[in-house]
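In: model this:
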Amino acid sequence: MRFRHRRLAVIGLSASDEHALTAKFLKVGANDFLTKPLNQEEFYCRLHSTLNALDAERQAYQLANTDYLTGCWNRRYFFEHPLAKQHNPDMCLAVLDLDHFKRLNDAFGHLAGDQILKSFAKILTEHFPDDLICRFGGEEFCVLTETDIAEFEKQMFQLMTKVREKVIHWGEHYITFTLSAGIATGSADTQRLLQYADNALYRAKSAGRNRIKLAVTNQTVLDIN
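Out: Numbering: from 1, shown residues only. Below is the predicted model of the structure:
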């Protein structure tokens with residue numbers, strides 16, 4: 001079984017009296033080193049110290065790579081992910097934007113806006129549990145996946161239905177919202193797919209919002225809503 005380094009700690013153990021052994025273990029990646037015979041109290045202290053350090057590293061990784069408000073991955077994680085570095089013809093990328101979000105913020109306040117973003121992020125991550133999802137900033141999110149474009153379109157329409165049906169109770173108010181999306185597919189690099197999808201999103205918003213457009217190439221955009 002293989003573990004990522006943030007999920008695995010190694011404590012070396014030896015009865016050898018070689019003075020350089022501790023340094024050798026640490027150089028190859030061990031977190032700590034103990035010599036035999038063991039002192040039980042020291043062993044437990046070293047173990048707890050190592051586990052605390054491992055936990056702190058995981059927390060630092062989460063803080064550096066996730067969006068604090070929604071819990072989605074951030075732009076840094078997105079562009080460093082192996083999936084974002086592939087040139088796969090089955091790659092599908094969607095850029096999603098909540099419609100009239102500023103208007104909602106102005107009408108109900110920023111706390112309500114935060115709740116809308118968190119609610120949408122929950123719907124999005126539950127709907128695409130195995131795909132790469134990130135919050136690009138503001139009310140804009142991105143989904144990257146390897147799948148058939150027809151299946152991805154179907155999933156996107158289902159997502160839009162879930163969003164339309166979502167009602168947020170905020171004090172005496174009942175808030176509903178919609179989204180617009182642009183989809184790109186093909187073997188282009190992720191930056192190019194983002195450009196295509198963003199152009200398709202712009203056309204979706206210009207056409208009245210609450211719809212999806214599919215960018216087939218940088219020159220052809222089809223309305224699929």
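
In: make it CA atoms for all contacts and neighbour counts henceforth
Out: Fine.

In: Now do the strands in this structure.
Out: Applying DSSP state E to the chain gives strands spanning 11-14, 32-35, 91-98, 132-137, 140-146, 168-170, 173-175, 179-185, 212-215, 221-223.

In: For the nearest residue to Ala94 once chain neighbours are set aside, give its distance to Asp198.
Out: Spatial nearest neighbour of Ala94, chain neighbours left out: Ile183 (4.3 Å); criterion: C-alpha to C-alpha, 6 or more residues apart in numbering. Distance of Ile183 to Asp198, computed by C-alpha to C-alpha, to the nearest Å: 8 Å.

In: what residues do the two have in common as contacts?
Out: Val95 (C-alpha atoms under 8 Å, 6 or more residues apart in numbering).

In: Report the beta-bridge partners for the residue nearest to Ala94.
Out: Beta bridges link Ile183 to Ala94, Leu214 when assigned by DSSP bridges.

In: in stretch 101-121, what counts as buried?
Out: Phe101, Leu104, Ala112, Gly113, Gln115, Ile116, Leu117, Lys118, Ser119, Phe120, Ala121 (16 or more other C-alpha atoms under 10 Å).

In: Show the end-to-end separation of that stretch, please.
Out: 14 Å.

In: how much distance is there from that stretch to the middle of the chain?
Out: 20 Å (C-alpha atoms, centre = their mean, to the nearest Å).

In: Fine by me, we can end here.
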